[in-house]
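quick one: sequence plus predicted model below, questions after.
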Amino acid sequence: MRSTSVSSDTDLSTTISRVFTALRRLNPPGLSLTAASTLATLERDGPRRLTELAGIEGVTQPAMTQVVSRLERDSLAARTADPGDRRVVLVEITTAGLDLLRHRRSVRSGKVAALLAHLAPPEAAAIEAALPALNALADLVTSPENVAQ
């Protein structure tokens, strides 16, 4: 594992936070960050229990119940019985939920592309080159052993 200085850790954390905040502004309106993140989790990981979703998203179970109820009301997610244990309720993304995620990503991607066009070519290339490392970092943050911490 590579050692980093406190200042570079702080710079990375601060920069990622700034980028996250900026990119949030590029999302189309109509869906909370928790709801969008929950849909993305369901898309990526498949059906999950409410308690699992609450842990992954870092919210309380009552808060996740409200999020899922809104997603279900809007036909973006559905509650289903676990085929392995009919007593267990799972939440899964619907086709409408998948379509909404695709639309949100398309809108955001178009806006990001327009912003990248304003950067100098070396800056745009550096961002593109960093994508695999940033994805690896995101995978570490969202891995099951780190989610529980």
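Arrived safely. For clarity, every value in this text was computed on a predicted model and none was experimentally measured. Numbering: from 1, shown residues only.

tell me the secondary structure for the residue most central in space within the chain?
What sits nearest the mean C-alpha location of the chain, by C-alpha atoms, centre = their mean, is Ser37, with 4.0 Å. Secondary structure assignment for Ser37 (DSSP: H, G, I helix; E, B strand; the rest coil): helix.

which element follows the longest strand anywhere in the chain toward the C-terminus?
Secondary structure of the chain per DSSP state E: the longest strand is strand 85-93. Using DSSP states H and E, the helix or strand that follows strand 85-93 in sequence is helix 95-116.

OK, contacts around Arg48?
The neighbourhood of Arg48, defined by C-beta atoms under 8 Å, 6 or more residues apart in numbering, consists of Thr41, Leu42, Ile56, Leu90, Val91. (Glycine included, C-beta is placed from N, CA and C.)

at 10 Å instead, please
Thr38, Thr41, Leu42, Ala54, Gly55, Ile56, Met64, Val68, Leu90, Val91, Glu92, Ile93 (C-beta atoms under 10 Å, 6 or more residues apart in numbering).

which among those count as buried?
For the contacts of Arg48, a neighbour count by 16 or more other C-beta atoms under 10 Å gives the buried set as Thr38, Thr41, Leu42, Ala54, Gly55, Ile56, Met64, Val68, Leu90, Val91, Ile93.

I figured the last one was touching Asp74, is that so?
No - the pair Ile93 and Asp74 does not pass the contact test of C-beta atoms under 10 Å, sitting 11.9 Å apart.

intersection of neighbour lists for these two?
In contact with both Ile93 and Asp74: Leu100, using C-beta under 10 Å, 6+ apart.

for Asp20, which three-state class applies?
Asp isn't right for residue 20; it's Phe. Under three-state DSSP, Phe20 falls in the helix class.
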